[in-house]
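Q: generate a structure from the sequence data that follows.
(2 chains)
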Amino acid sequence: MEASSIIFSDKPVNVSYDGTWYGLLTAVFEAYSKKWNVSGFSIIDKESQSDFFAEKVIVVTDETKSQRVWLGLKKKVPKENCIQLYRCYLSEMPGMEFTIFSCIKFYFSGFDSPHLAYGNSDVLKISQTSKMVYREKHRMEAFVRFQRTADDLYYAGIEPDFNVIPLLSQHFAERYADQNWLIYDIKRKYGIYYDQDKVEEITLNFSNEAGEKTAVKDVFHDSETLYQELWKNYFKNVNIPSRRNIKLHVQHVPKRYWKHLIEKK
Amino acid sequence: MSERLHEKLEILADAAKYDVSCSSSGSKRKNHNKGLGEATGSGICHTYTEDGRCVSLLKILLTNHCIFDCAYCVTRKSNDIKRAAFTVQEVVDLTMNFYRRNYIEGLFLSSGIFKNADYTMERLVSVAKKLRTENKFNGYIHLKTIPGASDELMHEAGLWADRLSVNIEIPTESGLKLLAPDKNIKDMIEPMTYLKKEIIRTKEESKIFKSAPLFAPAGQSTQMIIGASGESDKDIMHTANKFYKGFNLKRVYYSGYVPISNDNRLPELGSAVPVLRENRLYQTDWLMRFYGFHVQELLNDQFPNLDPEIDPKLSWALRNMAFFPVDVNTADLQLILRVPGIGVQSAQKIVGARRFNKLGWDHLKKIGIALNRAKYFITCNSPITDRKDYTEAKIRQFILNESRSKFLTNGGQQYNLFG
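A: Purely as a prediction, here's the structure:
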């Protein structure tokens, strides 16, 4: 049913939105302003464990409504705490929308500096999850390994734990301002491309499973192998064998990232 | 061609690795000319070696030819090793190409001293200059300043580099005389003094003229080798304190001596690297810089060495039981920071959260403090389940029984060094 219908406030509601951040903020707006008894959130057209007893309500993304929530938040808590909510959304963890919703409700509940209430389980959860997503973003800033192609594109494939691509554009655009680059999330099948002017979100159409390999790896720049070999060699030679500490090494560079790291391949 | 480059990189990376500084933070260089790179953030560790150390900079020597004969150094003149030297262009190309592939945050360039101090310093400066001007490189550059180099060269180094450092290496003057007869403390202190003045002066200038050029925006650092000259922890940390206070150093690094020679003035080949001691020194350094401890409280004539079994904060707490218990719901931040098991972030969270409700064990646990240590030193809003007036020795024993140090479980080899 549509969001405009009247719902009795005590009936549990499962709020269905389009999966975007603005969609979620719109959903929060509707649920909050209409005082729904929210039992959970789901993404339209995506199979989810629907609550049998809850009524499913589809919310249509509305930029004005989402902006009202966002601007309202900015008046209640520092910008960093607003961004924390966005990072939590990017975690894609099951049930995270509900925590975001509860936390926003708490932020609007009238307390002074509500973001410091670490005794509140939602506030704490948001702070902790945001930290995990931030760490993953930071890892990608560290672990992206560009490979130079013959037509001077610096390409990197990544498979981050969370959907951190939207958090990466600014860092890489500022840093690699004088080269074309592409960072592609192989798992989520989209990436960001920079043409020395602006960053764009793109998806690649590979004709087959091995597409990624044939599309990029056969077209290296002449110097690419040399610098990869030099890097590997450097990595080997800065190690101090008498201080060997593999446990610490793996803690900092977890094995799941190795396949995209030149020095660990 | 590429084989020779590989060989140079092997030799000159290998010789540079004993310098532990890896920091690429603290600068504020923007990519202002749409060139390559920036150094504005907190720095990124791009990978870690198998010894668990971070790799953030391309850390190499320009050459390992050296006219000095410092006993603790692999590059010393009397050591029979392969020598090599990069050309300025080779270092520039390596830096640019590694940076473009997101391998590194920038360059850390050091050098053996060939001919004389100025000649060497001039070459280091020319690499940095070429990167900044011809290649529009805005990534991080850390240059070693060569003891005895002229003020003019030091000044130019400061214009191109983000950080400059002179390694003091040996924390006592007597140790230095013994192990590095060619060096003297004056030659090392002079450039530090010059840089300190210049950094302060240019900072003042930039307050008036927004366009004033950057001068070593990430400041100065130094390094001391640990366990090469029989020095005490007190010697090391009091020297470090002097550097922090007297020269505004951003960082002092502690590098456990890795045996590299049969010289009888030094620990023999094959003896273990004192990594536990190094760890305790870094903990002490942190307590001085972020927790409001004075070095004298942690190391003094009565306690000249750190306790290898427990961390220096716990060690201090056990010696000063009169400070405790601290009530986390009312005490000042400065006091909470002194509780073993509570870090800076947790302390700040406690101070923020307690305005909403009184905190109990559950809250504290969720906030992330190490209750196994903290519980002996705090009171909170939960009933005290098990509070006796434990003696210092008893608490120490309880904590030790509960937590085995990661260093002590490694076969106890480390422990014996200090036993």
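Q: got any ranges where the chain has weak pLDDT?
A: Since no chain was named, I'll use chain A. For chain A, residues meeting the criterion pLDDT under 70 lie at A:1-9, A:47-52, A:206-218.
Q: ah, I was thinking of chain B
A: B:1, B:385-388, B:404-419.
Q: from the stretch 201-350 of chain B, which residue is nearest to chain A?
A: B:Lys349 (4.9 Å; C-beta to the nearest C-beta). (Glycine included, C-beta is placed from N, CA and C.)
Q: what's around that residue, how many residues?
A: 24 (other C-beta atoms under 10 Å in any protein chain shown).
Q: my read: it touches A:Tyr118, true?
A: Yes. Contact criterion C-beta atoms under 8 Å: B:Lys349 and A:Tyr118 qualify, at 4.9 Å.
Q: between those two, what contacts are shared?
A: Common neighbours of B:Lys349 and A:Tyr118 (criterion: C-beta atoms under 8 Å, 6 or more residues apart in numbering or on different chains): B:Ile367.
Q: buried residues of the strand or helix carrying the residue of the stretch 201-350 of chain B closest to chain A, list them for me.
A: Per DSSP states H and E: B:Lys349 is located in helix B:344-353. Neighbour counts using 16 or more other C-beta atoms under 10 Å in any protein chain shown place B:346-353 of helix B:344-353 among the buried residues.
Q: give the other helices and strands that it contacts.
A: Here helix B:344-353 touches helix B:333-336, helix B:361-367, going by 3 or more C-beta pairs under 8 Å, 6 or more residues apart in numbering or on different chains; DSSP states H and E.
Q: let me have these in CSV, extended by distance to A:Lys189.
A: Output for these, formatted as CSV (distance: least, C-beta to C-beta, whole Å):
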stretch, distance to A:Lys189
helix B:333-336, 47
helix B:361-367, 37
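Q: need the winner for burial among the ones you listed.
A: Highest mean neighbour count among the helices and strands packed on helix B:344-353 (mean count of other C-beta atoms under 10 Å in any protein chain shown): helix B:361-367, with a mean of 19.
Q: so chain A: which segments form each domain?
A: Following automatic domain parsing, one finds the domains of chain A at A:12-136, A:144-221, A:224-265.
Q: which of those domains is buried the deepest?
A: domain A:12-136 (a mean of 18).
Q: residue contacts, the residue in the stretch 1-150 of chain B positioned nearest to chain A?
A: Of all residues in the stretch 1-150 of chain B, the one sitting closest to chain A is B:Gly52 (3.0 Å; C-beta to the nearest C-beta). Applying C-beta under 8 Å, 6+ apart to B:Gly52 gives the contacts A:243, A:245-249, A:251-252.
Q: excluding its backbone neighbours, what's nearest it?
A: A:Leu248 (3.0 Å; C-beta to C-beta, 6 or more residues apart in numbering or on different chains).
Q: isn't the one you found right next to B:Tyr48, touching?
A: Yes. At 7.4 Å, A:Leu248 counts as touching B:Tyr48 under the criterion of C-beta under 8 Å.
Q: now do the same contact list for whatever residue of the stretch 251-400 of chain B ends up closest to chain A.
A: Using C-beta to the nearest C-beta, the point where the stretch 251-400 of chain B gets nearest to chain A is B:Gly352, with a distance of 3.3 Å. The contact partners of B:Gly352, by C-beta under 8 Å, 6+ apart, come to A:113, A:116-118.
Q: if we use 7 Å, what do you get?
A: When contacts are counted by C-beta atoms under 7 Å, 6 or more residues apart in numbering or on different chains, B:Gly352 touches A:116, A:118.
Q: what is the neighbour count of B:Ser126?
A: Applying other C-beta under 10 Å, I find that B:Ser126 has 16 neighbouring residues.
Q: ok so it is a helix residue?
A: Yes. Assessed by DSSP: H, G, I helix; E, B strand; the rest coil, B:Ser126 belongs to a helix.
Q: which residue comes closest to it once chain neighbours are left out?
A: B:Ser126 sits nearest to B:Val88 (C-beta to C-beta, 6+ apart), 5.5 Å away.
Q: so that neighbour is in contact with B:Lys130, correct?
A: Yes. Using C-beta atoms under 7 Å, B:Val88 makes contact with B:Lys130 at a distance of 6.3 Å.
Q: surely B:Ala370 touches B:Gly343?
A: No. Look at B:Ala370 against B:Gly343 with C-beta under 7 Å: they stay out of range, at 8.5 Å.
Q: just to revisit the earlier point, return the member of the buried residues of helix B:344-353 nearest to B:Ser25.
A: B:Gln348 (20.2 Å; C-beta to C-beta).
Q: gap between the nearest residue to the closest one once chain neighbours are set aside and B:Val326?
A: Distances taken as C-beta to C-beta, 6+ apart place B:Leu333 nearest to B:Gln348, at 7.1 Å, with adjacent residues excluded. As defined by C-beta to C-beta, to the nearest Å, B:Leu333 lies at a distance of 11 Å from B:Val326.
Q: what does B:Gly256 give?
A: Taking C-beta to C-beta, one finds B:Gly256 at 34 Å from B:Val326.
Q: what residues does the stretch 1-150 of chain A put near chain B?
A: Within the stretch 1-150 of chain A, the positions adjacent to chain B are A:111, A:116-119, A:124, A:141-142, A:144-146 by C-beta under 7 Å from any C-beta of the partner chain.
Q: give me the subset of those residues that lies in helices.
A: Within the residues of the stretch 1-150 of chain A next to chain B, residues falling in helices by DSSP state H are A:124, A:141-142.
Q: adding distance to B:Glu3 as columns, could you present those residues in CSV?
A: CSV is the format used below for those (distance: C-beta to C-beta, whole Å):
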residue, distance to B:Glu3
A:Leu124, 56
A:Glu141, 33
A:Ala142, 30
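Q: measure the closest residue to A:Gln228 other than its chain neighbours to B:Tyr103 for me?
A: Leaving aside its chain neighbours, A:Gln228 sits nearest to A:Ile262 (5.1 Å; criterion: C-beta to C-beta, 6+ apart). Between A:Ile262 and B:Tyr103 the computed distance is 8 Å (C-beta to C-beta).
Q: who touches both of the two?
A: A:Trp231.
Q: right, and A:Ile126 touches A:Leu85 too?
A: Yes. Counting by C-beta under 7 Å, A:Leu85 is a contact partner of A:Ile126 at 6.4 Å.
Q: what's near enough to touch residue 18?
A: Looking at chain A here, since you left the chain open. A:44, A:61.
Q: my bad, chain B
A: So B:Tyr18 contacts B:255, B:258 (C-beta under 7 Å, 6+ apart).
Q: run the last query once more with 8 Å
A: A:240, B:73-74, B:255, B:258.
Q: next, it: secondary structure please.
A: Assigned state for B:Tyr18: coil (three-state reduction, three-state DSSP).
Q: what of the one 3 residues further on?
A: Here B:Ser21 is recorded as coil under three-state DSSP.
Q: near it, how many other residues are there?
A: Look at B:Ser21: counted by other C-beta under 10 Å, it has 22 neighbours.
Q: hmm, B:Ser165 and it touching each other?
A: Yes. Using C-beta under 8 Å, B:Ser21 is in contact with B:Ser165, at 6.5 Å.
Q: what's the nearest residue to B:Arg101 if we skip its chain neighbours?
A: A:Phe146 (4.6 Å).
Q: my guess is the one you found contacts A:Tyr154. True?
A: Yes. Counting by C-beta under 8 Å, A:Phe146 touches A:Tyr154, with 3.7 Å between them.
Q: do you have the strands of the stretch 151-265 of chain A handy? List them.
A: For the stretch 151-265 of chain A, the strands defined by DSSP state E, counting those that start in this stretch cover A:153-158, A:180-185, A:190-194, A:199-202.
Q: out of those, nearest to A:Tyr234?
A: Of all the strands of the stretch 151-265 of chain A, strand A:153-158 sits nearest to A:Tyr234, with 18.9 Å by C-beta to C-beta.
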